[in-house]
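**Student:** Okay, here's the prediction I keep looking at, along with the sequence it came from:
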Amino acid sequence: MGALPLPITPIPLRTRRNALKRLLAFLATCATILGLTVALAPQATAAAGTPVDVNGKLHVCGVNLCNQYDRPVQLRGMSTHGIQWFDECYNDASLDALANDWKSDLLRVSMYVQEDGYETDPAGFTRRVNELVDMAEARGMYALIDFHTLTPGDPNVNLDNAKTFFASVAARNADKDNVIYEITNEPNGVSWSSIKSYAEQVIPVVRAADPDSVVIVGTRGWSSLGVSDGSDESEIVNSPVNATNIMYAFHFYAASHKDSYRSTVSRAASRLPLFVTEFGTVSATGDGAMDQASTTAWLDLLDQLKISYANWTYSDAPEGSAALQPGTCAGGDYSSSGVLTESGALLKSRISTPDSFPTS
C-alpha cells in the first residue's frame, strides 16, 4: 500500500493576506533596486510608517488587540462628535492635523442613529461615513465606525437599521486594513442578555461581507460593563457573545467615574478583550471642568493594560469635553496651540508621544 497523503490544514485568510502583502512589498523593493517599475493593482494604501502601515489588519488574540505580527498593540486617538452636527470639523486640514501633529492612530466616526442622524438620511450618512473611512486610510489611521445608539437605549429598537447599515459599510470596506466596527454605542436601560441577542444578530451581517475585521460590542449601563447599573463584568464573562474576533466597549468620564470603575477595568482586562471606544476628561454630561488627576490616572491605567482608546471629542462643541476652541472649525487652523482647549492640550500631549508597535 502506498503512503497515505498528509492532511492539508487550511491557511487562515488573514495569514494569506499578510503573506501576499509582504511578497508584494519584497517585489516592489527588488524592482526599485533594478530600476524597474512594478505596476500593482490600484488600491489605497497607508503611507509608510503610519499606524496602519506598520500594524496592518488588526485582530483579537486572547484579551488583546493584536497586529499583523500577532503582537498586542494599543491604539490612541480621537472621536468625532455627531457628524450630523459637526461635520464641518472633519476635512482635509483637520485630519491632517490629527494624523501629523497629534500622531493619532485612530479616528472614531460617530454616526448617531437618532437625533437627526442616520434614520433621517440613511444613504447620505452611509456615504459620509465611508468618506471619512477613506480620509483616515489615506493618512494611515484606523477608522472606528460607531453606530451611535443612545436614545432609545435598547439597541434592538435599531436592529433593522443596524443590519442595513452594516451590510452596506462592511461590503464596501471589507478589503481595507483600517476598519473596525462598533455595532452599538451605549446600551442603557436594557439587560445584558438583550444586548447579547442584538450582537449575535448583527455580527453575522458584518461577517457575511467582512469575515476578518474586529467588531466591538457595547455593554450594559452606557458601556460601563454594567457598573453604572450596579453590576460588573461577570455577567459578560459568564455569558459572552457567541462570536470570534470581538471586543467589548468600556466608556468613562473622568470627573464622574473614578476608583470603582478603574478597579473593574483592571480586573476585567484579564478576562475580556476591552476597547475604550469613548471617554471624556469631564463629567458624564460631557461638560464641566476637566478632571486632570482622574484623567491622568485613567490614561496611565489604559497604557499599562494596553487598552486602546478614543477621546470624546475632536470638535469645537461648546462643552468641556471638546478638544478644539469654539469657532475653530469655521477657520482653517487646526494645528496651533491656541486652538486647543484644556482637554485638547492634555490629550494631544498624551496621544502624540511615540507609539511602540512591536513588529517581531
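**Tutor:** The structure has been received and is ready for your questions. Numbers count the residues shown, from 1 in each chain.
**Student:** can you map out the strands along the stretch 101-250 of the chain?
**Tutor:** Taking DSSP state E, counting those that start in this stretch as the test, the strands found in the stretch 101-250 of the chain are 106-112, 142-148, 179-182, 215-217, 246-253.
**Student:** Would you format those strands as CSV with mean neighbour count included?
**Tutor:** From N, CA and C alone the C-beta is placed, and that goes for glycine too. CSV is the format used below for those (neighbours: other CB atoms under 10 Å):
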stretch, mean neighbour count
strand 106-112, 26
strand 142-148, 27
strand 179-182, 25
strand 215-217, 26
strand 246-253, 25
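**Student:** who wins for proximity to residue 270 among these?
**Tutor:** Nearest to residue 270 among the strands of the stretch 101-250 of the chain is strand 246-253 (13.2 Å), distances taken as CB to CB.
**Student:** Tell me which strands that closest one pairs with, and in which orientation.
**Tutor:** Here strand 246-253 is paired, per DSSP bridges, with strand 215-217 (parallel), strand 274-280 (parallel).
**Student:** residues in contact with it?
**Tutor:** The contact list for strand 246-253, computed with CB atoms under 8 Å, 6 or more residues apart in numbering, reads 60, 65, 182, 185-186, 199, 203, 214-219, 222-225, 236, 261, 265, 268, 272-286, 298, 307, 321.
**Student:** Now, of the residues you listed, which are buried?
**Tutor:** Taking 16 or more other CB atoms under 10 Å as the criterion, what is buried in those is 60, 65, 182, 185-186, 199, 203, 214-219, 222-225, 236, 261, 265, 268, 272-284, 286, 298, 307, 321.
**Student:** could you pull out the helices for the stretch 251-360 of the chain?
**Tutor:** 259-268, 292-305, 342-351 (DSSP state H, counting those that start in this stretch).
**Student:** from those helices, which stretch is densest packed?
**Tutor:** helix 342-351 (a mean of 20; mean count of other CB atoms under 10 Å).
**Student:** picking that back up, nearest to residue 195, out of the strands paired with strand 246-253?
**Tutor:** Distance to residue 195, taken as CB to CB, is lowest for strand 215-217 among these, at 7.2 Å.
**Student:** Other residues contacting the closest one?
**Tutor:** 144, 180-184, 195, 199, 203, 206, 241, 243, 245-249, 275, 277.
**Student:** at 6 Å what do you get?
**Tutor:** For strand 215-217, contacts defined as CB atoms under 6 Å, 6 or more residues apart in numbering pick out 181, 182, 199, 203, 206, 241, 246, 247, 248, 249, 275, 277.
**Student:** ok, now stretch 95-102?
**Tutor:** Taking CB under 6 Å, 6+ apart as the rule, stretch 95-102 contacts 104, 135, 139, 141, 334, 335, 348, 351, 352.
**Student:** Among those, find the lowest-pLDDT one for me.
**Tutor:** Within the set of the contacts of stretch 95-102, pLDDT is lowest for residue 335 (94).
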